[in-house]
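>>> Quick check, what structure comes out for this input:
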Amino acid sequence: MPDLSVGGLRIHYDLAGGGPRTCLVVHGAGGSAAVWSRQLEGLADAARVLALDLPGHGRSGGDGCARIDDYAAAVGGFLEARNSARSCSAGIRWAALWPRPWPSPIPSRWMA
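Reported below is the predicted structural model:
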C-alpha cells in the first residue's frame, strides 16, 4: 500500500474502498495499521478507509514519538497531505480519544 511524506517522514498507510466519505482508523501504542485489516475489508463498500502506521510503528519511518501531541501532529500532517475530508474516525487505547484532546494539530474539518 502507499506511503506519504509528512514533514520529511515517511508515513505508511493502508487504503480500502472509495467514495466521498473517509474513515480514518488509528492503532494504539506498539501497534500498526495491520490491526485494522478486517475493518478495511468490512467498511470498503461504505467509505474510503485509511489505516495509517504512526511514526516508528509498522512500515512508517522514524522513531516513535515521545509525546502524544507529537503523534497527533503526525496524524494532522497526514490528513493535510491527503487533503481528506472527515466522515468518521476510530482508534485503539489512547488513539480512541482522538481528535478531541488535540484540537490544534488536527485539521478543523476533522473536528466533531
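>>> Mind jotting down where the strands sit in the chain?
For the chain, the strands defined by DSSP state E cover 3-6, 9-16, 22-26, 48-52, 88-91.
>>> could I get these as CSV with mean pLDDT?
Converted to CSV, the strands of the chain look like this (pLDDT from 0 to 100):
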stretch, mean pLDDT
strand 3-6, 92
strand 9-16, 96
strand 22-26, 88
strand 48-52, 92
strand 88-91, 75
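>>> Nearest approach to Glu80 belongs to which of those strands?
Glu80 lies closest, by C-beta to C-beta, to one member of these: strand 3-6, at 8.2 Å. Heads up, the C-betas are built off the backbone N, CA and C, glycines and all.
>>> Okay, buried residues for that closest one please.
Buried residues in strand 3-6, counting neighbours by 16 or more other C-beta atoms under 10 Å, are found at Val6.
>>> distance of the residue in the chain sticking out farthest from the centre from Gly30?
Here the centre of the chain is the reference, and by C-alpha atoms, centre = their mean the most remote residue is Asp45, at 19.2 Å. Distance of Asp45 to Gly30, computed by C-beta to C-beta, to the nearest Å: 30 Å.
>>> Endpoints of stretch 31-42, how far apart?
End-to-end distance for stretch 31-42, by C-alpha to C-alpha, to the nearest Å: 20 Å.
>>> And for that stretch, what's in contact with it?
By C-beta atoms under 8 Å, 6 or more residues apart in numbering, the residues outside stretch 31-42 that reach it are 12-17, 25, 27-28, 49, 51-53, 57-59, 90, 92.
>>> now stretch 52-66
By C-beta under 8 Å, 6+ apart, the residues outside stretch 52-66 that reach it are 3, 9-14, 24, 26-27, 29-34, 70-71, 74-75, 78.
>>> Are any of the residues you listed buried, and if so which?
Taking 16+ other C-beta under 10 Å as the criterion, what is buried in the contacts of stretch 52-66 is 9, 11-14, 24, 26-27, 31-33, 71, 74-75, 78.
>>> Appreciated, that's everything.
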